[in-house]
Structure formats: C-alpha cells, structure tokens
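Engineer: Just to be clear, the model below is a prediction. Sequence and coordinates:
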Amino acid sequence: MGCFDCFDGGYSKQQKQEEDRLASEEARSKAAEAAQKRQEQFEQSAVGRAAKAQLAAAAKQNTNTNKGEPALKVFFSLYLLHFVV
C-alpha cells in the first residue's frame, strides 16, 4: 500500500491518529463528567447519606477502641474480675 499513499485524498495516517486521539480524549472527558454527576446524585440520595453516616460511625468507633490499653491487659483484668466477683 506504500506506493498508493498519494491516492488517499490527503488523509494521512497521522491525521487519523490525531482524530482518534481527540475523540478518545472527548469520550474520557464525557465519562468523567457522567461519573461525577452520578457521584453527586448518590451523595444527595438517602442511600448516599446513610452510607456516609455509617462510614463516619465506623471511623468514630475505630478511633475510640482500645485507647492505648494493651488487649492482653484488658482481657486479663476482666478475667481476674470474674474470680473476684
């Protein structure tokens, strides 16, 4: 096909690649916008607000657990308490 390149009407391989690149970039941009819109709609929905509250509660619970006490010490204290009572 190399010797018939001049019959393609001036439409070169580089031009085709550039058009494909631009089309791909536009498609990615539209997909990102759609994903952002879906995310915003989810966050505003009741399910989204519930999920956010659940994550916040889980994070709060994780910060309040164990407060620096070794787990074995706490367990051993409970074990001794069982025999004292």
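Structural biologist: Yep, that arrived. Numbering: from 1, shown residues only.
Engineer: Tell me which other helices or strands the strand or helix carrying Glu19 touches.
Structural biologist: Glu19 is part of helix 13-44, with elements assigned from DSSP states H and E. Applying 3 or more CB pairs under 8 Å, 6 or more residues apart in numbering; DSSP states H and E, one finds that helix 13-44 contacts helix 46-64. In short, each C-beta sits where N, CA and C put it, glycine included.
Engineer: where does this structure dip in pLDDT?
Structural biologist: For the chain, the stretches with pLDDT under 70 are 1-11, 63-85.
Engineer: quick one: the helix holding Glu19 to helix 46-64, angle?
Structural biologist: Relative orientation of helix 13-44 versus helix 46-64 (axes from the mean of the first three to the mean of the last three CA atoms, to 10 degrees): 80 degrees.
Engineer: And Glu19, how close does it get to Glu26?
Structural biologist: Distance from Glu19 to Glu26, counting by CB to CB, to the nearest Å: 11 Å.
Engineer: check contacts around Gly48.
Structural biologist: Gln41, Phe42 (CB atoms under 8 Å, 6 or more residues apart in numbering).
Engineer: That one and Leu55: what is the separation?
Structural biologist: Applying CB to CB, the value for Gly48 to Leu55 is 11 Å.
Engineer: Next: Ala31.
Structural biologist: Taken as CB to CB, the span from Ala31 to Leu55 is 26 Å.
Engineer: got it, and Gln41?
Structural biologist: In terms of CB to CB, Gln41 sits 18 Å off from Leu55.
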